[in-house]
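Undergrad: I'd like to go over a predicted model; first the sequence, then the structure.
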Amino acid sequence: MKTGGVQYDTFSGWVDPPADVRPSLSGDLTCDVAVVGGGLGGMSTALRLAERGRDVVLLEAEFCGHGASSRNAGQLAGAPGGDLQLLNLFYRKKMPGMIRLAEHAAHHVEDLIEKHDIDCGYERSGNVFAAVSRGQMGRVRRVAKLLRRAGGDVELGTTESLGIPHGFVGGMRENVGGIMNPGLFTAGVRRALLGTPAQVFERTKVTGVARDRGQAVITTAQGEVRANKVVLATNAYAGEWDITPPRLSVPIWVIEVETEPIDPARLAALGWTSRSGLVTQHNIMENYRLTPRGTIVFGVRRLERGRTYPLPAKKPDPALVEELAQAFARRFPALSDVALDRAWGGWIAITSSWLPLAGQLDESIYYSIACNGHGLAQAPYVGSLIADLIVDGERHEDLAALWVKKAEFPRPMMMGPLGLRTIWAVDRFNDFVNGSRRNALRGQRRSA
Ligand SMILES: Cc1cc2nc3c(=O)[nH]c(=O)nc-3n(C[C@H](O)[C@H](O)[C@H](O)COP(=O)(O)OP(=O)(O)OC[C@H]3O[C@@H](n4cnc5c(N)ncnc54)[C@H](O)[C@@H]3O)c2cc1C
């Protein structure tokens, strides 16, 4: 695969930054609710509050959609993220609630797209847990069983029955969800928000949040906001706050790359008739999806931990782009001559439990965090549920499923550089063993 001409972006491969960035806050103001962070989580909170008649202010450091929300793979998942077997081992009782939350979240996003007429190329294709080996297929079967037992809408199948590329050995489709252009979706949510009475200040980095006589006081370079309630929705950037509970989450950098447009006949020959997004069953997944522009977007495979705050604006590491290109050539041998056009990345937040979290630090301060790489569906849903909680004073059962009673979090395991390297090495070892097995089988067939 050719990687010589890759364009490395510091933003996203899906859209350009908005042309109408809103002015920053200048001066002091008071409001009922302030939302910090204009990703899908924060924007959805503010949108819902404004729709329900609340006086709401949103403060965003760059522009709404600057973070992971515009940069992700666009796979709208209908199942929770993380290693579901491990999650089931540690949090069996929580699983039905998590699965319900994930499915409702995907439906919520579909409703948002329809309600606000957002043209983001959404395809209700579902997403497939795709196995690259027989070992991975065993894992898929176990995951399918536990998801079904907990009420999940999933279907096991072969490469042919699922309509996925011939390079995979089979898998399990989450029937809820699909694929979209997340940059266009996020821009659509921003447009909807700007159409409400909510006051949105972009290029306004919040530098501090403090409590004062039952209110929250939010500091920025050019003004202060006093609010009865504040919702912290900065996700991976949450660790920049003094007020954030220790070990709430770990910031992790992940990347996506996109091929050049591929000849339609060659794409058709892959057998990818369902157009479902794919995630492999490695410890650190690879994801693959088609786009309406006749390209394939794929990524992840390696996690890089952020070490210092503030989190830097980064471009992808060329060595990882090269590694992803090699993985692509293995999964799609017929396309191994295709060139890569662009690469970008973003910061996600991973919690020590690998579960999404939301909670309250006191009467006035709410937070939601870390859909662990599954926030395209879950961040907007959780954001709107927090808005409803603020208005109604009642927690929806899906919010209750992830609600943190006491904001104390254990040290995350395997999330240091050595741990992440080890997980990656285990995946590569398994790939190597599977590759050797496949070659041996091919050799046996040839000599027979
Ligand atoms: C490469 C990649 C691929 C992914 N793929 C998928 C996928 O296919 N499916 C899926 O479901 N999820 C995926 N995700 C995860 C998903 O994108 C996130 O979970 C989701 O977008 C989180 O939304 P958010 O609103 O919580 O955070 P963000 O979108 O990161 O928003 C946080 C916002 O806070 C702002 N901010 C930070 N600090 C401050 C401050 N001090 N003051 C004011 N504002 C501040 C930031 O500028 C940013 O706009 C992926 C993520 C990445 C990076």
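TA: Now that the structure is in, tell me what you want to look at. Residues are numbered from 1 along each chain as shown.

Undergrad: so what's the residue of the stretch 51-200 of the chain found nearest the ligand up against?
TA: Nearest residue of the stretch 51-200 of the chain to the ligand, counting by Cβ to the nearest ligand atom: residue 67, 2.4 Å away. Every C-beta, even on glycine, is put in place using the N, C-alpha and C of the backbone. Contacts for residue 67 (Cβ atoms under 8 Å, 6 or more residues apart in numbering) come out as 37, 39, 235-237, 346-347.

Undergrad: tell me the residues of the stretch 101-250 of the chain that contact the ligand?
TA: Contact residues (Cβ under 6 Å from any ligand atom) of the stretch 101-250 of the chain with the ligand: 205-206, 233-237, 240.

Undergrad: may I ask which of those comes out lowest in pLDDT?
TA: Lowest-confidence member of these: residue 240, scoring 83 (pLDDT).

Undergrad: what's the local residue count around that residue?
TA: 16 (other Cβ atoms under 10 Å).

Undergrad: who touches the nearest residue to it once chain neighbours are set aside in this structure?
TA: Computed as Cβ to Cβ, 6 or more residues apart in numbering, the closest residue to residue 240 that is not its neighbour in sequence is residue 309, at 4.6 Å. Shown in contact with residue 309 (Cβ under 8 Å, 6+ apart): 237, 239-240.

Undergrad: just the element for residue 86, please.
TA: Using DSSP states H and E, residue 86 maps to helix 84-90.

Undergrad: other SSEs contacting that helix?
TA: helix 95-115, helix 134-149 (3 or more Cβ pairs under 8 Å, 6 or more residues apart in numbering; DSSP states H and E).

Undergrad: just the ones you listed: most buried one?
TA: Greatest average neighbour count among the helices and strands packed on helix 84-90 goes to helix 95-115 (a mean of 20), per mean count of other Cβ atoms under 10 Å.

Undergrad: I figured residue 226 was touching residue 215, is that so?
TA: Yes. The pair residue 226 / residue 215 is scored as a contact, 5.4 Å apart, by Cβ atoms under 8 Å.

Undergrad: picking up where we left off before, same list (the helices and strands packed on helix 84-90) but as TSV, adding mean pLDDT.
TA: Converted to TSV, the helices and strands packed on helix 84-90 look like this (pLDDT from 0 to 100):
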stretch	mean pLDDT
helix 95-115	96
helix 134-149	94
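
Undergrad: select, out of these, the one closest to residue 393.
TA: Residue 393 lies closest to helix 95-115 among these, at 20.5 Å (Cβ to Cβ).

Undergrad: how far is that closest one from where the chain is centred?
TA: 14 Å (Cα atoms, centre = their mean, to the nearest Å).

Undergrad: residues in contact with the helix or strand just after that helix?
TA: Sequence order places strand 127-131 as the next helix or strand after helix 95-115, per DSSP H and E. With contact meaning Cβ under 8 Å, 6+ apart, strand 127-131 is reached by 75-78, 137, 139-140, 143-144, 162, 164, 168-174, 177-179, 274, 276-281, 288.

Undergrad: residues touching residue 276, list them.
TA: 125-128, 162-164, 173, 178-179.

Undergrad: same check, this time on residue 321
TA: 3, 6, 255, 257, 340, 343.

Undergrad: now with 10 Å?
TA: 3, 6, 8, 255, 257, 299, 315, 340, 342-343, 345 (Cβ atoms under 10 Å, 6 or more residues apart in numbering).

Undergrad: ok, residue 142 next?
TA: Residue 142 makes contact with 84-85, 88, according to Cβ under 10 Å, 6+ apart.

Undergrad: most surrounded residue in the residues you listed?
TA: Going by other Cβ under 10 Å, residue 84 tops the contacts of residue 142 with 23 neighbours.

Undergrad: could you point out the longest helix in the protein?
TA: Ranked by residue count and defined by DSSP state H, the top helix of the chain is helix 417-447.

Undergrad: the ligand versus residue 11, what's the distance?
TA: Per Cβ to the nearest ligand atom, to the nearest Å, residue 11 is found 11 Å from the ligand.

Undergrad: so when I look at that residue, I'm seeing a helix, right?
TA: No. Membership of residue 11 in a helix is not supported by DSSP: H, G, I helix; E, B strand; the rest coil, which gives coil.

Undergrad: okay, now it: neighbour count?
TA: Neighbour count for residue 11, taken as other Cβ under 10 Å: 18.

Undergrad: start at 4 instead
TA: That works, and once the first residue is 4, the last one we named lands at residue 14.

Undergrad: excluding its backbone neighbours, what's nearest it?
TA: residue 20 (6.1 Å).

Undergrad: what sits against residue 376?
TA: Contacts of residue 376 (Cβ under 10 Å, 6+ apart): 71, 75-76, 78, 80, 84-85, 255, 257, 282, 288, 290, 303, 306, 351-353, 357.

Undergrad: let's see 8 Å
TA: Residue 376 neighbours (Cβ under 8 Å, 6+ apart): 84, 257, 303, 351, 353.

Undergrad: right, and the last one touches residue 417 too?
TA: No. With contact taken as Cβ under 8 Å, residue 353 and residue 417 are classed as non-touching, separated by 10.3 Å.

Undergrad: against residue 281, how distant is residue 374?
TA: 20 Å (Cβ to Cβ, to the nearest Å).

Undergrad: now do residue 320
TA: Counting by Cβ to Cβ - residue 320 and residue 281 are separated by 23 Å.

Undergrad: which one of those two has more residues nearby?
TA: For the pair residue 320 and residue 281, the greater number of neighbours falls to residue 281 (30 against 16), based on other Cβ under 10 Å.

Undergrad: hang on, the more buried one packs against residue 299?
TA: No. Under the criterion of Cβ under 8 Å, residue 281 is not in contact with residue 299, lying 9.9 Å apart.

Undergrad: between the two, which contacts overlap?
TA: 291-292.

Undergrad: give me the nearest residue to whichever residue of the stretch 204-353 of the chain sits closest to the ligand, chain neighbours excluded.
TA: With Cβ to the nearest ligand atom as the measure, residue 349 is the residue of the stretch 204-353 of the chain nearest to the ligand, at 2.8 Å. Leaving aside its sequence neighbours, residue 349 sits nearest to residue 74 (Cβ to Cβ, 6+ apart; 3.7 Å).

Undergrad: quick one, what contacts residue 168?
TA: 162, 273-275, 281, 291, 334-335.

Undergrad: top of those residues by number of neighbours, please.
TA: residue 281 (30 neighbours).

Undergrad: and the strands in the stretch 254-403 of the chain?
TA: Under the criterion DSSP state E, counting those that start in this stretch, the stretch 254-403 of the chain contains strands at 280-283, 289-293, 299-303, 307-308, 343-353, 360-363, 368-372.

Undergrad: tell me the angle of the longest one relative to strand 299-303?
TA: The reference is to strand 343-353. 40 degrees (axes from the mean of the first three to the mean of the last three Cα atoms, to 10 degrees).
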